[in-house]
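Participant: Let me see the structure of the following:
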Amino acid sequence: MSTPPIKLAVLVSGGGTTLQNLLDVIAAHDLSAAVRVVVGSRPGIKGLQRAADAKVMNFVVERAHFDSADAFSDQVFGLVDDAGVDLVVLAGWLSLLRVPPTYAGRVVNIHPALLPSFGGRGMFGRRVHEAVLARGCKVSGCTVHFVDDGYDEGPIILQRTCPVRDDDTPETLAARVFEEERIAYPEAIRLFQAGRLSIEGRRVRVKSEGAGPS
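Facilitator: This next block holds a predicted model:
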């Protein structure tokens, strides 16, 4: 029996390459999902154009227009509520969110490094890869994790690795990490969709295939 499509909200702050990857994987029938809404944190970003090109409903919610993270988050999750989604997917989203209790365990993010290393406030994009190279790491990769009220602090769902080469630049390393992200994010969504993830404190347990929800 085919898996019913999981309904997604995707939150973007920039170019939307992760959003585009998800749209492509869905179009290729490699992920049974539908992007119901895209929320951008600022106007004019390419991520919103990608949503419009795919005929996905999209909105802008600017952090600067709100006095608090709580008010900002209420607006974002109000749009998510209206779209009736199952899972909220952060795709290059840079603004801190307060996750409502009704969405606990239903918001995920991908980070372009192996958390808990090279994460936290201000660690995004090129800065992450610069830090990995400066530290002399031999491997890097990506991390998919549940989102809590801190930057890159939620329980880890899965990680994928790639080598760091002696001649890497931040750009070449970023490209190699993104190839792992393209695999990791759809896989994490499939695990969530299949009911195979359970959060136990700071750890995420992945149930064996066919175990289903507890």
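Participant: helices or strands up against the lengthiest helix in the chain?
Facilitator: Ranked by residue count under DSSP state H, the longest helix found in the chain is helix 170-193. Judged by 3 or more CB pairs under 8 Å, 6 or more residues apart in numbering; DSSP states H and E, helix 170-193 is in contact with strand 6-12, helix 17-27, strand 87-91, strand 107-111, helix 126-134, strand 139-146, strand 156-163. From N, CA and C alone the C-beta is placed, and that goes for glycine too.
Participant: Could I get the buried residue list for it?
Facilitator: Across helix 170-193, burial judged by 16 or more other CB atoms under 10 Å covers 170, 173-174, 176-178, 180-182, 184-186, 188-193.
Participant: Give me the distance between it and the centre of its chain.
Facilitator: 10 Å (CA atoms, centre = their mean, to the nearest Å).
Participant: Could you do stretch 185-196 as well?
Facilitator: On CA atoms, centre = their mean, the centre of stretch 185-196 falls 12 Å from the chain's centre.
Participant: what residue is smack in the middle of the chain?
Facilitator: Asn109 (3.0 Å; CA atoms, centre = their mean).
Participant: State the pLDDT value of the residue nearest to that one when sequence neighbours are not counted.
Facilitator: Spatial nearest neighbour of Asn109, excluding adjacent residues (CB to CB, 6 or more residues apart in numbering): Leu90 at 4.0 Å. With respect to pLDDT, Leu90 has a value of 97.
Participant: Give me the buried positions along the helix or strand following the longest helix of the chain.
Facilitator: Counting by DSSP states H and E, the element after helix 170-193 in chain order, helix or strand, is strand 197-200. Using 16+ other CB under 10 Å as the test for burial, strand 197-200 gives Leu197.
Participant: Could you list the residues in contact with strand 197-200?
Facilitator: Outside strand 197-200, the residues that touch it by CB atoms under 8 Å, 6 or more residues apart in numbering are 105, 146, 155, 157, 191, 204-207, 214.
Participant: now swap in stretch 161-171 and tell me
Facilitator: 114, 126, 129-130, 132-133, 137-141, 172-173, 176-177, 179-180.
Participant: where in this protein is pLDDT low?
Facilitator: 1-2, 210-214 (pLDDT under 70).
Participant: Give me the number of neighbouring residues for Val144.
Facilitator: 26 (other CB atoms under 10 Å).
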